[in-house]
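Trainee: sequence and predicted structure below; questions after.
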Amino acid sequence: MSNSLMLDELLRMVRRFGRVPAHVNLLPSSRLVEDLAIDSLDLVGIIVKVQDDYGVIIEDDDVTSLRSIADLAEYVAARFDSSAAA
């Protein structure tokens, strides 16, 4: 899967599961908590959806480093590529 396709899918997931209003512009650089005001419960929903859809495990200790949508995409891409190769 191309990184741009994955990023587009993640943007849609973040909007839906983070309950981000349609008028809010989502960018790869958008920070999940600071810019989009995603609360911890919705963040868990996003993480679970990403894990289910991409078959990757997002470690609890890594969640705090996933500050932006781009961070999330990079993290998932690195693990998705290695799990697809296995």
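Mentor: Here it is on my side, so go on.

Trainee: which helix is the longest one in this protein?
Mentor: When the chain is parsed with DSSP state H, its longest helix is helix 69-85.

Trainee: please report how far the residue positioned nearest the centre of the chain lies from His23.
Mentor: Central residue check for the chain by Cα atoms, centre = their mean: the C-alpha nearest the mean position is that of Leu72, 4.3 Å away. Applying Cβ to Cβ, to the nearest Å, the value for Leu72 to His23 is 22 Å. C-betas here are computed from N, CA, C, even on glycine.

Trainee: check what pLDDT the residue nearest to the centre of the chain gets.
Mentor: Among the per-residue scores, Leu72 holds a pLDDT of 96.

Trainee: could you point out which residue ranges in the protein have low pLDDT?
Mentor: Applying pLDDT under 70 to the chain flags residues 1, 81-86.

Trainee: on that earlier part again, touching, the residue nearest to the centre of the chain and Leu10? I think so.
Mentor: Yes: here Leu72 reaches Leu10: they are 5.9 Å apart, a contact under Cβ atoms under 8 Å.

Trainee: so who does the residue nearest to the centre of the chain touch?
Mentor: 10, 14, 32, 46, 50, 66 (Cβ atoms under 8 Å, 6 or more residues apart in numbering).

Trainee: format those as JSON lines; extra columns: distance to Ala78, secondary structure and neighbour count.
Mentor: Listed next are these as JSON lines, based on distance: Cβ to Cβ, whole Å; DSSP: H, G, I helix; E, B strand; the rest coil; neighbours: other Cβ atoms under 10 Å:
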{"residue": "Leu10", "distance to Ala78": "14", "secondary structure": "helix", "neighbour count": "23"}
{"residue": "Val14", "distance to Ala78": "18", "secondary structure": "helix", "neighbour count": "24"}
{"residue": "Leu32", "distance to Ala78": "18", "secondary structure": "coil", "neighbour count": "22"}
{"residue": "Ile46", "distance to Ala78": "18", "secondary structure": "helix", "neighbour count": "22"}
{"residue": "Val50", "distance to Ala78": "13", "secondary structure": "helix", "neighbour count": "24"}
{"residue": "Leu66", "distance to Ala78": "12", "secondary structure": "coil", "neighbour count": "21"}
